[in-house]
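Engineer: Attaching a predicted model along with its sequence, questions to come.
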Amino acid sequence: MSVSLMTLGDQVTDPVTGVRESAAERHRAIVEAAVVADQGGFEGVHVGEHHGLEYIYSAPPVILAAIGERTTNIKLSTAVTLVANLDPVRAAEDYSTLDALNNGRVEVVAGRGNFFTSTYTVFGQDPDDSHELFEENIELLLNLWSGKPVTTQGGHRAPLDAFELQPPPERVLPLWIGGGASESTLELAARLGLDLMLPSAFGNPSMFRPVVDTYLEKFASYGHTRKPRIGACWHLNVDKSSQRARERWMPRYKAYFDLMTVIITRVNPNPPPFIKKPFDFEFLSTKGPAIVGSPAEVVDRLGTVSEMLSADVNLLSIDMGGQPAAELRDMVELISSDVIPQLP
């Protein structure tokens, strides 16, 4: 089992200290935390992408480039790259450049961004085209990263005539499909032989077990020779004392939950059902996506939920709800010293 650092860059006033970190401070915080994670044995760092929202990280390639210059081994990845909204040529160039600068450490998690439908309006797109845009752009990304000249007849973007990507990629970048809410997403991942990253959602993670089973069956049906990877996302807070971890995190986790509820309700005309449920810290931290407590408790619960979903890669979101940068780094250090060495 491997663990990676994940951040969506939510900006909210810390309900514990009353301090609201600036956008610049939030950007620097993930860079510094990733440096600690690199030294502590984390597999990767995954940076989210949103536009015009209180999730303030809009340019993952730029943030990851800053992290890459300060690190050596950690994989540089996303959570997610909004492939349906971006021009695939521009995205292919950005991540190929990032990979060239960092000795092949880049992986991309591609998402359709269907929770935040306002993003389609920002980019002048119709949300009803999201499935077509996503599939078309995924396939074009893979073709561009093949290193061969690409010719297309168009579609949702202008056609290409023997276009050669610069810088030329040294490999096809590892590409994950982020999602699991729709049959078409699972079919796309299985058909193209891509790994599956399950979403971060407020609910019982067991709901994704049928998704995993369906994906694995579809993947096998296409005759791919390699074993697919499954990734899962968790909300986590750890401290030497279980009581302290729970006491300091509960108000911050609620602040994050409230912010997410406000954002999704504002930008999505058909929000997912979990948005209507009240915040329930006990449920979320025992049967939901939240992992909180001492290092031993974190090891135990992470092992349980990871096994439940056959997750090879586990992304840990630990900077939510106004979490101060110093405490974020402390938790990364604690996970490095007391959690990672105990994982199977």
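Structural biologist: All right, it came through fine.
Engineer: and Asn204, how many neighbours?
Structural biologist: 16 (other CB atoms under 10 Å). Where you see a C-beta, it was placed from the backbone N, CA and C, and this is true even at glycine.
Engineer: what residue is smack in the middle of the chain?
Structural biologist: Nearest to the mean C-alpha position of the chain, by CA atoms, centre = their mean, lies Ala79 at 2.2 Å.
Engineer: for that residue, what are its contacts?
Structural biologist: Taking CB atoms under 8 Å, 6 or more residues apart in numbering, we find Ala79 in contact with Met6, Thr7, Leu8, His46, Val47, Gly48, Glu49, Val109, Gly178, Met197, Cys233, Leu315.
Engineer: Where does the closest residue to it other than its chain neighbours sit: helix, strand or coil?
Structural biologist: Distances taken as CB to CB, 6 or more residues apart in numbering put His46 closest to Ala79, at 3.8 Å, once the chain neighbours are dropped. When classified by DSSP: H, G, I helix; E, B strand; the rest coil, His46 comes out as strand.
Engineer: Residue numbering should commence at 508 henceforth.
Structural biologist: I'll keep to 508 as the first residue from here, and by that count the last item is His553.
Engineer: Confirm for me that His553 is in contact with Thr514.
Structural biologist: Yes: between His553 and Thr514 there is a contact at 7.4 Å, judged by CB atoms under 8 Å.
Engineer: Could you point out the helix or strand that follows the longest helix along the chain?
Structural biologist: Assignment by DSSP state H gives helix 749-774 as the longest helix of the chain. Downstream of helix 749-774, the first helix or strand assigned by DSSP states H and E is helix 788-793.
Engineer: got the CA coordinates for that next one in CSV?
Structural biologist: This file holds the C-alpha atoms of helix 788-793, laid out as CSV (Å, rounded to 0.1, in the frame of the first residue of the first chain):
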residue,chain,number,x,y,z
PHE,A,788,-18.6,13.7,12.6
GLU,A,789,-19.1,10.4,14.4
PHE,A,790,-20.5,8.7,11.2
LEU,A,791,-17.9,10.3,8.9
SER,A,792,-15.0,9.2,11.2
THR,A,793,-16.2,5.7,11.7
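Engineer: More neighbours: His553 and Thr514, which one.
Structural biologist: It is His553, of His553 and Thr514, that has more neighbours when counted by other CB under 10 Å, with 31 against 27.
Engineer: Quick check: beta-bridge partners of that one?
Structural biologist: Beta-bridge partners for His553, by DSSP bridges, are Met513, Ser584.
Engineer: what sits against it?
Structural biologist: Contacts of His553 (CB under 8 Å, 6+ apart): Ser511, Leu512, Met513, Thr514, Ser584, Thr585, Ala586, Val616, Leu822.
Engineer: Checking Val510 next. Helix, strand or coil?
Structural biologist: Looking at Val510 with three-state DSSP, the answer is strand.
Engineer: Run a quick neighbour tally on it.
Structural biologist: For Val510, using other CB under 10 Å, the count is 24.
Engineer: my guess is it meets Pro848, correct?
Structural biologist: No: using CB under 8 Å, Val510 makes no contact with Pro848, being 11.4 Å away.
Engineer: Just give me the closest of the contacts of His553 to Leu672.
Structural biologist: Closest to Leu672 out of those is Thr585 (18.5 Å), distances taken as CB to CB.
Engineer: quick one: Gln673 and Arg597 touch, right?
Structural biologist: No: counting by CB under 8 Å, Gln673 sits too far from Arg597 to count as a contact (12.0 Å).
Engineer: Tell me the strands beside the strand ranked longest in the chain, with direction?
Structural biologist: Identified as the longest strand of the chain according to DSSP state E is strand 737-745. Counting by DSSP bridges, the strands paired with strand 737-745 are strand 702-704 (parallel), strand 797-800 (parallel), strand 820-824 (parallel).
Engineer: Going by neighbour count, list what's buried in it.
Structural biologist: Ile737, Gly738, Ala739, Cys740, Trp741, His742, Leu743, Asn744, Val745 (16 or more other CB atoms under 10 Å).
Engineer: Give me the residue ranges of the stretch 708-851 of the chain where confidence is low.
Structural biologist: Counting by pLDDT under 70, the stretch 708-851 of the chain has no low-confidence residues at all.
Engineer: who touches stretch 843-851?
Structural biologist: 508, 510, 543-544, 546-549, 745, 802-803, 805-806, 809-810.
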